[in-house]
Structures are given as structure tokens and as C-alpha cells.
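Trainee: Below are the sequence and a predicted model; questions follow.
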Amino acid sequence: MDSKSVPARDEAEKIDRQAQAEEPNEGDEVARLTRQVEEYLTGLRYLQADFENYKKRVAREKEDVVRYANEGLILELIDVYENLERAVANARKAGDGQMAKGLEMIYAQMAATLTKHGLKPIEAVGKKFDPHLHEAMMQEASQEVEEGTILDEFQRGYMLYSKVIRYAKVKVSKR
């Protein structure tokens with residue numbers, strides 16, 4: 001063999017070893033790319049879940065907007081409804097049967113319409129005071145009932161579906 005070829009071969013092997021050291025191992029590259037793909041897929045799944053939650057939240061908010069859109073109108077109609085209730089009571093007291101019967105029919109129709117649109121009166125007298133439903137206007141000492149029981153209702157409260165739109169104004173017992 002030629003003496004010049006041996007150092008050249010050694011030099012070539014040395015260059016090949018350096019190139020291999022500089023080039024990443026194929027297995028390492030596949031593992032790195034696999035991890036990167038998994039990270040991207042995990043991120044995509046989180047984004048998809050967030051988007052689904054967003055769509056559900058927007059749908060609930062839209063439903064609530066539609067459900068409570070008439071709240072202002074219903075609040076105004078409550079005053080008319082209660083005045084009609086007083087008119088029925090006065091017509092009965094005055095002994096005007098025909099007038100009372102006509103007013104009762106209108107009152108019943110209005111009550112049905114308001115109920116159909118989600119209005120419910122809040123029960124008060126005889127119930128336990130609940131600050132989420134009732135507004136205490138005064139207290140009265142009473143040994144006959146348990147403390148915190150509602151003795152009297154000054155103004156009826158109302159809920160629109162599950163939302164309180166007017167608190168019941170009440171008198172509460174104390175010891």
C-alpha cells in the first residue's frame with residue numbers, strides 16, 4: 001500500500017466521525033419531532049375545549065338575555081297588576097258585584113300572562129326571613145313565633161324565573 005493513502009484514509013475517517021458527531025442521530029430527531037407533535041396536539045385539544053366552553057357560555061348568555069329582556073316592562077306591569085288587585089278588593093267591598101266580576105276576570109288574565117312569562121310572587125308571611133328574597137323594614141318582638149319569622153308583608157316581592165326583581169318588604173319577629 002501507498003504510504004500516502006493511509007494518512008488520507010485516516011483523515012477521511014476523521015472527517016466522517018466529525019460529520020456524524022455534528023449530524024443529529026436519526027432516532028433523536030424522530031423523538032424530538034414526536035414530542036413536538038404531541039405538544040402541538042395537546043395545545044390544539046386545549047384550544048378546542050376552550051372554544052367549546054366559549055360556545056356554551058355564549059349560548060347561555062344569549063338565552064339569559066332573551067329570558068330577561070322583558071324585565072323592565074314586567075317591573076312596570078307589576079304596579080298595574082297590584083293596582084288592579086286593589087280595585088278588585090274595593091269593588092267587592094263596595095258591593096258592586098258586576099264591576100268586581102269584570103275586574104276579577106281582567107286580573108286573572110293578567111296574572112296568567114305574567115306567570116306565563118316567568119313571574120312568580122315571593123312567599124313571605126309565616127316563612128323564615130331570607131335576605132336573598134326579603135327586605136326587613138322593621139322588627140317586632142314576639143313570643144308566639146320563632147325568631148326570624150316574617151310577621152307581615154308591606155310590599156309583595158317577585159321573581160322573574162330564578163332572579164329576584166323585587167324584594168318582599170317585610171316585618172320580622174325578634175325575641
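Mentor: That came through, no problem.
Trainee: which one's the longest helix in this structure?
Mentor: Across the chain, the longest stretch assigned as helix under DSSP state H is helix 26-67.
Trainee: and Glu85, what element?
Mentor: Using DSSP states H and E, Glu85 maps to helix 71-94.
Trainee: List of residues touching the very next helix or strand once past that helix?
Mentor: Remark: after helix 71-94, the chain's next helix or strand is helix 97-116, criterion DSSP H and E. The set of residues external to helix 97-116 that reach it, using Cβ atoms under 8 Å, 6 or more residues apart in numbering, is Ile74, Leu77, Ile78, Val80, Tyr81, Leu84, Glu85, Ala87, Val88, Ala91, Arg92. C-betas here are computed from N, CA, C, even on glycine.
Trainee: what number of residues lie near Asp130?
Mentor: Here the number of neighbours of Asp130 (other Cβ atoms under 10 Å) works out to 14.
Trainee: Apologies, that question was intended for Tyr167.
Mentor: So Tyr167, with other Cβ under 10 Å, has 20 neighbours.
Trainee: can you check Lys127 too?
Mentor: 16.
Trainee: which residue packs closest to it, ignoring adjacent ones?
Mentor: Excluding its sequence neighbours, the residue lying closest to Lys127 (Cβ to Cβ, 6 or more residues apart in numbering) is Ile150, at 5.4 Å.
Trainee: got it, and Val145?
Mentor: With sequence-adjacent residues excluded and distances taken as Cβ to Cβ, 6+ apart, Val145 is closest to Ser173, at 5.0 Å.
Trainee: quick one: low-confidence parts of this structure?
Mentor: The model of the chain has pLDDT under 70 over residues 1-9, 12, 14-24.
Trainee: repeat that with 90
Mentor: Residue ranges of the chain with pLDDT under 90: 1-31, 63-70, 72, 94-97, 142-145, 162, 174-175.
Trainee: So which elements touch the one helix or strand the residue nearest to Val145 maps to?
Mentor: Here Ser173 sits within strand 168-174, counting by DSSP H and E. The helices and strands touching strand 168-174, judged by 3 or more Cβ pairs under 8 Å, 6 or more residues apart in numbering; DSSP states H and E, are strand 134-141, strand 150-155.
Trainee: right, so those: which one is the most enclosed?
Mentor: Mean neighbour count (mean count of other Cβ atoms under 10 Å) peaks for strand 150-155 among the helices and strands packed on strand 168-174, with a mean of 17.
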